[in-house]
Structure formats: structure tokens, C-alpha cells
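Colleague: Okay, structure incoming, though there's no sequence with it:
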Ligand SMILES: Cc1cc2nc3c(=O)[nH]c(=O)nc-3n(C[C@H](O)[C@H](O)[C@H](O)COP(=O)(O)O)c2cc1C
Ligand SMILES: C=C(O[C@@H]1CC(C(=O)O)=C[C@@H](OP(=O)(O)O)[C@H]1O)C(=O)O
């Protein structure tokens, strides 16, 4: 069983993440995790905070000499801005000195679209600071660090993930563009919007510039692909074991994600059945699907073809051209509080989505194949693939983890 938790506030001293249930022998490098943390901060349209704040990575449990030991992985991500917030976010009752007076001003003008107002109602606060500190997507740094570990485990089994930006606001990659493959990851990360289509990326940059100029914000859609999966992760036997359901929940659990699609998703609903599914044909090297409309799952299980899921992000709620709200201290009409914000965080959301998919897949792999060490998990996976009768084999099933 794989489980994970994160803790920590946006302007707290550090974020903390724990991953329990990972086998021994997974290569884990500080540089590898740092590289993913850096990817999460990229993306045209991110706010000024991404430039001055640094993620200070500490690995404080579960890893020795570059490999997991089977014990819980404990990760701390220190926040270099903490000294400025030490009084405002002090865990002990503290006098607020003049230098922190501005930062500690009560946030009584809740932002529509953020957690501010409902969070105050629910947890009994008279201002939004304690709400936004945890609702903030700063927390996604902790998930990305865990995702880097999960990805490394999957990599040992020959499973590779790719994420990319499909749309920003109304600007979308044309449907007929080929899917990026693992070899394209560096090029994707080098693109300002993590978009695989250069012409669309240019239009996306212009769209972000236009929104920024208007004091506005943007959302969009990201896609995560997983290559090298075996058939049969997840199950049809119970709703909460369906892999597509678990992926949807994990993606919806990312701040500001409001829609999830598996494969062709909503587009499929516009097709007739005869043009909606992936027909099976016997080839010399196994049964082959003639298309990939389903996105790599049938009956809540991986089919062994490329997994393809999408997450739709709403526009950032902290709109510089502030939205109407109520000052809950006076009940007067007001504009929502705004200090600074991202104009668009869709590229970063792709990296977070990749991390969430990696965690769900790592969990599903361990459920099916178990193993307390990577070699044991590999043996179990290879044994399963080898035992699939030849008449049931789909193309690619034989590519065992030994090839990873
Ligand atoms: C990577 C990332 C960056 C974000 N940056 C901001 C931001 O700068 N300002 C903001 O208001 N919301 C931002 N959000 C979205 C809010 O965290 C989110 O809207 C809020 O927590 C309320 O949750 P909900 O949108 O799911 O209802 C960001 C989300 C992600 C995933
Ligand atoms: C700090 C991060 O993202 C933050 C997520 C966020 C929000 O409301 O979700 C609001 C912004 O923070 P602030 O309001 O302090 O400028 C973003 O910078 C991060 O991703 O590391």
C-alpha cells in the first residue's frame, strides 16, 4: 500500500511530505527532485513570487546513498522567504512588530473563486489569512517532490510520463498534432508554456500578454501521458478501484482544476458508437487496437496502450482587475484583496498533474504487483506478463520491465 501526506502553509517555514510504502532500491537523487521543483516554477505568466522564492530541498528520511530503503520517504521544502513571515506565521503567540504590520493586516475582502469566504465560515476565522495559507497552490511543491520519487519507481519498471499544455484560454493545440513522447520532455520544458506545438505556443504567449495588460487572468487544459504501462492496473470490480476514477480524483485534487477527461473524454459523447471505440485486430505480434480514443483504460483498468488524461484549470481567482466582493469587517461593498498573483499557472499545473498521475500509478502498480524491493516488484510484473496466454496478448505486453 502506498500512501502520502503533505503539510505546511504557503508562507510557513517549510512544506513537509511523507511517502509510505515505497519498496527499497528506487533511485532517488536530490538533484532529480530539485529539477522537478524547478519545472513546477516555470511557465510564462507566473507571478513575481516564483522568481524570488526558492525551494530548499531536504531529504530527511527513507533514502540512503541514493536509493530508497523501504522506510517512509520524508521530504522538507524550506521557504527562503520565511524570515519575512516569521512573525505573521509564528506558531507561538507573537507581538507583531512594525516591520510585519503590513503583512499581518486582516484580509477581510474575500476573493471570489478562492477558498477565502467559505474557509472563514467553515473554520471560524474572521479573516482569510489562515485559509489562503493552506488553500494556496504553494502546497503543490510538496506533491511534485513526491511525484518525482513515484516517477523514479515507475521508471524502474519501464513506465514514463509526459505532461504538456493543450490550451491556454481560447488558444488550443490543433487536434491533429502528434502526441509528445518521452524523448520530447526536454523540448517541452524549454517551451515557455510547455506546449508541444511551436506556432500554438507563440499564440499562447500573446494571449497571456493580452490578459496581463488587461489586469486579467487565464486558465487552460493540460494533458498527461503515461507510456509503458502493463494491462490490468486498477479494476472494474468496484467503483473505487477503477483507475480512471482514481486518476480523476487525484487530478481534481489539484487547486483550480475543474474538469477531467480520460482519452477523448467529452468529444467521445458526440460520436456514434461505431466511431467511438478502439477496434481490436489480430496482428502477428498480438492483438492491436486500431485507435486510441479511450485513452488507455477500459473498465477502469489500463489496457497497456498509452494512458492519456486531461485536466482543465479555471482562470486564476486573484484577478488584478479586482472582482467585486464584500468587506466582511464592515459589510460594505469592496473589491477583493490583491497583492500579486499568477496571470496563468497552466504550465505549472501540468507538472503537478504529472506528479499526481505518477503517485496514482505507483500505488496501482504496488497493489497489483506488490514487492518490498524493486527487483521483487519487477519479478512479479514479469511473471504476470509472461503468464498472459498467447491468444490474449496485446501488442507490447511482452516488453517486460527487464527492458527498462
Ligand atoms: C500551480 C498553481 C498556481 C496557482 N496560482 C494562483 C495564484 O497565483 N493566485 C490565485 O488566486 N490562485 C492560484 N491558483 C489557484 C488557487 O490555489 C485555487 O483557485 C484556490 O485554492 C481555490 O481552489 P479551487 O479553485 O479548486 O476552488 C494556483 C493553482 C495552481 C495549481
Ligand atoms: C507560491 C506558489 O504559488 C502561489 C499560489 C497561490 C494560490 O493562491 O494558489 C497564490 C500565489 O501566492 P501569493 O498570493 O503569495 O503571491 C502563488 O505564488 C507556488 O506555486 O509555489
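Modeller: Good, I have the coordinates. Quick caveat, the model's predicted, so the values are computed rather than measured. Residues are numbered from 1 along each chain as shown. Ligands and ions are numbered 1, 2, ... in the order given.
Colleague: wait, does the lowest-mean-pLDDT helix or strand in the chain contact ligand 1?
Modeller: Every helix and strand of the chain was ranked by mean pLDDT, DSSP states H and E. The lowest is helix 49-52, at a mean of 84. No - Helix 49-52 lies apart from ligand 1 when judged by CB under 6 Å from any ligand atom; the minimum separation is 7.6 Å. Every C-beta, even on glycine, is put in place using the N, C-alpha and C of the backbone.
Colleague: near ligand 2, which residues of the stretch 251-400 of the chain?
Modeller: 255, 340, 341, 342.
Colleague: Buried subset of those, written for ChimeraX?
Modeller: In ChimeraX, this line selects whichever of these come out buried by 16 or more other CB atoms under 10 Å:
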select :255,341,342
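Colleague: Looking at the residues of the stretch 251-400 of the chain next to ligand 2, which is nearest residue 270?
Modeller: Closest approach to residue 270 among these (CB to CB): residue 255, at 29.8 Å.
Colleague: which ones are touching the closest one?
Modeller: 135, 136, 137, 139, 140 (CB atoms under 8 Å, 6 or more residues apart in numbering).
Colleague: pLDDT weak spots in the protein?
Modeller: In the predicted model, the chain carries pLDDT under 70 at residues 397-404.
Colleague: those helices in it, which residues are they?
Modeller: 30-41, 49-52, 82-85, 116-123, 129-135, 140-156, 185-190, 198-213, 243-252, 265-268, 346-369, 374-387 (DSSP state H).
Colleague: and those as JSON lines, adding mean neighbour count?
Modeller: Output for the helices of the chain, formatted as JSON lines (neighbours: other CB atoms under 10 Å):
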{"stretch": "helix 30-41", "mean neighbour count": "17"}
{"stretch": "helix 49-52", "mean neighbour count": "12"}
{"stretch": "helix 82-85", "mean neighbour count": "14"}
{"stretch": "helix 116-123", "mean neighbour count": "16"}
{"stretch": "helix 129-135", "mean neighbour count": "19"}
{"stretch": "helix 140-156", "mean neighbour count": "25"}
{"stretch": "helix 185-190", "mean neighbour count": "14"}
{"stretch": "helix 198-213", "mean neighbour count": "17"}
{"stretch": "helix 243-252", "mean neighbour count": "20"}
{"stretch": "helix 265-268", "mean neighbour count": "14"}
{"stretch": "helix 346-369", "mean neighbour count": "25"}
{"stretch": "helix 374-387", "mean neighbour count": "16"}
